[in-house]
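*Asks:* Just to be clear, the model below is a prediction. Sequence and coordinates:
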Amino acid sequence: YRKHEWDKHGTCAATLEILNSQKKYFGKAIELYQHVDLNSCLLKAGIKPSSSYYKMTAIKEALTRFYGVTPKIQCLPPEKGEKAQTIGQIEFCFTKELQLRNCTALKGGSNSLQAPLKFGTEELSVCNDTLPTYYPSEVQ
């Protein structure tokens, strides 16, 4: 997993002095991850993992209000016979100066921090705003 992440994202980030080794890259990722502290942000908004279904719009609003930027949220579509989608990944985007920025902004040499969660090989897609949404405890 680490090799894949370094080959895919790290080698691009390595053009920056503060991220130019695997140790710096993963160390900074952990630091940013703890700084973002996703679970406590959502808990403050009353959104608890694995407790019930939530509206996707409420989750987006809580994150945008708390961080001041729009993250990229990806979901697993409902399984057969189910009505709810499941959050699979929440991605925050940063400028080269490692300041949070909207994930909707133009790409061009951006760095993103992905909550390290992929359910097997299932395809993640953009979440549907109208479906009830399940927030699993594994999303970090």
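*Replies:* That came in fine, so what should we check first?
*Asks:* can you give me the helices for the chain?
*Replies:* Here the chain has its helices, by DSSP state H, at 2-5, 11-13, 22-36, 38-44, 56-67.
*Asks:* would you list those helices in a markdown table and tack on distance to residue 133, mean neighbour count and mean pLDDT?
*Replies:* C-beta: built from backbone N, CA, C; applies to glycine. Shown next, in a markdown table, are the helices of the chain (distance: least, Cβ to Cβ, whole Å; neighbours: other Cβ atoms under 10 Å; pLDDT from 0 to 100):
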| stretch | distance to residue 133 | mean neighbour count | mean pLDDT |
| --- | --- | --- | --- |
| helix 2-5 | 26 | 11 | 76 |
| helix 11-13 | 31 | 15 | 74 |
| helix 22-36 | 20 | 15 | 85 |
| helix 38-44 | 12 | 15 | 90 |
| helix 56-67 | 5 | 16 | 94 |
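*Asks:* mind giving me JSON lines with the ones you listed and columns for distance to residue 92?
*Replies:* What follows is the helices of the chain, written out as JSON lines (distance: least, Cβ to Cβ, whole Å):
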{"stretch": "helix 2-5", "distance to residue 92": "15"}
{"stretch": "helix 11-13", "distance to residue 92": "15"}
{"stretch": "helix 22-36", "distance to residue 92": "6"}
{"stretch": "helix 38-44", "distance to residue 92": "8"}
{"stretch": "helix 56-67", "distance to residue 92": "7"}
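*Asks:* Ok, which of the ones you listed comes nearest residue 80?
*Replies:* helix 56-67 (20.5 Å; Cβ to Cβ).
*Asks:* helices or strands up against the closest one?
*Replies:* Counting contacts by 3 or more Cβ pairs under 8 Å, 6 or more residues apart in numbering; DSSP states H and E, helix 56-67 packs against helix 38-44, strand 72-76, strand 85-94.
*Asks:* No more questions from me, cheers.
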